[in-house]
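Undergrad: have a look; sequence and predicted model below, questions after that.
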Amino acid sequence: MKKHCTSNSALTIGTKITCPTAAVLATPSCINPIVYLINEALITAKKNNTAIDVEIAALLNAGVNISNTGKFCCPGCNDIYYLGYANTFQTSLSSLITGLTCCLNYIGDPSFLNANPTLKNLDCCATNFIDCITAINQDLMDGSFTFTGGLMEYNSINSESAICLIYNQLKAFNKYLTGEELGVILETLFTAGVVVKCTGCTVYIGSAADYFNTFLD
């Protein structure tokens, strides 16, 4: 029997959903493209003494294409990968919904899935999505970050959620980042919506809006 993602109405980062927790993850042999993009933003922010969220938004909104000869990971299912708010996906990428066949993890108001039966009927991605949500929730117990809308992760890269990778990368870069600063960066990422697409020897990473303008408009 398929395991479908269900969600609760609460929009806090600790909302529990029924998607499975992943088993122990293997050490990746490739680089997650999102990690690459964030690293580029971190380097630029440090060099120019600018805000990390500003540099991340600039890269996402411009879209980044990188040559790939096996160095970078691609989505596990032959489709786009998306991480971000559901309303962002609905605004920019709704034309894709009926053709989506991979897996989905979602947290937030169930009305979004109820209105999109194609998404509601997708299998859950067997990643560490729940573990990441729980860990960040425990780390930011001061309430410095809460969702403004449902969060969805469509498809997976290297059979893991990118949420932990992003969060751990930010904290490793600067252990003194406050919960509020981390929250602003996460909000920037999720509001823009991160899309990864592999085409031939090229990996695209950009915002949902830029993906629409580049591939769908």
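TA: Received, thanks.
Undergrad: all helices of this protein, in order?
TA: 33-48, 52-62, 86-93, 111-114, 117-120, 129-139, 162-173, 179-192, 208-211 (DSSP state H).
Undergrad: what about L96, neighbour count?
TA: 18 (other CB atoms under 10 Å). Backbone N, C-alpha and C define where each C-beta goes, glycine included.
Undergrad: enumerate every residue touching it.
TA: If you count contacts by CB atoms under 8 Å, 6 or more residues apart in numbering, L96 has them with 80, 216.
Undergrad: residue contacts, the residue lying closest to G179 once chain neighbours are set aside?
TA: Using CB to CB, 6 or more residues apart in numbering and skipping residues adjacent in sequence, the residue nearest G179 is S144, 3.3 Å away. Taking CB under 8 Å, 6+ apart, we find S144 in contact with 178-180, 182-183.
Undergrad: wait, N61 sits on I205?
TA: No - using CB atoms under 8 Å, N61 is not in contact with I205, being 11.5 Å away.
Undergrad: give the contact list for G193.
TA: Shown in contact with G193 (CB under 8 Å, 6+ apart): 82-85, 88-89, 92-93, 207-209.
Undergrad: so how far is L83 from it?
TA: As judged by CB to CB, to the nearest Å, G193 and L83 stand 7 Å apart.
Undergrad: what about stretch 108-120, distance to the chain center?
TA: Taking CA atoms, centre = their mean, to the nearest Å, the mean C-alpha location of stretch 108-120 is offset from the chain mean by 18 Å.
Undergrad: how long is it end to end?
TA: Length of stretch 108-120, first residue to last, CA to CA, to the nearest Å: 13 Å.
Undergrad: in that stretch, which residues are buried?
TA: 108-110, 112-113, 116, 119-120 (16 or more other CB atoms under 10 Å).
Undergrad: and the angle from the helix or strand of the chain with the lowest mean pLDDT to helix 179-192?
TA: The least trusted helix or strand in the chain, going by mean pLDDT, DSSP states H and E, turns out to be helix 129-139, with a mean of 84. Calculated by axes from the mean of the first three to the mean of the last three CA atoms, to 10 degrees, helix 129-139 forms an angle of 150 degrees with helix 179-192.
Undergrad: who's more crowded, N61 and I205?
TA: Legend: neighbour count by other CB under 10 Å for N61 and I205, higher for I205 (25 against 13).
Undergrad: so how far is A126 from the residue nearest to G70 when sequence neighbours are not counted?
TA: In this structure, G70 finds its nearest non-sequential neighbour in C30, 6.8 Å apart by CB to CB, 6+ apart. From C30 across to A126, the span is 19 Å (CB to CB).
Undergrad: more neighbours: which of those two?
TA: For C30 versus A126, the count of surrounding residues by other CB under 10 Å is larger for A126: 17 against 13.
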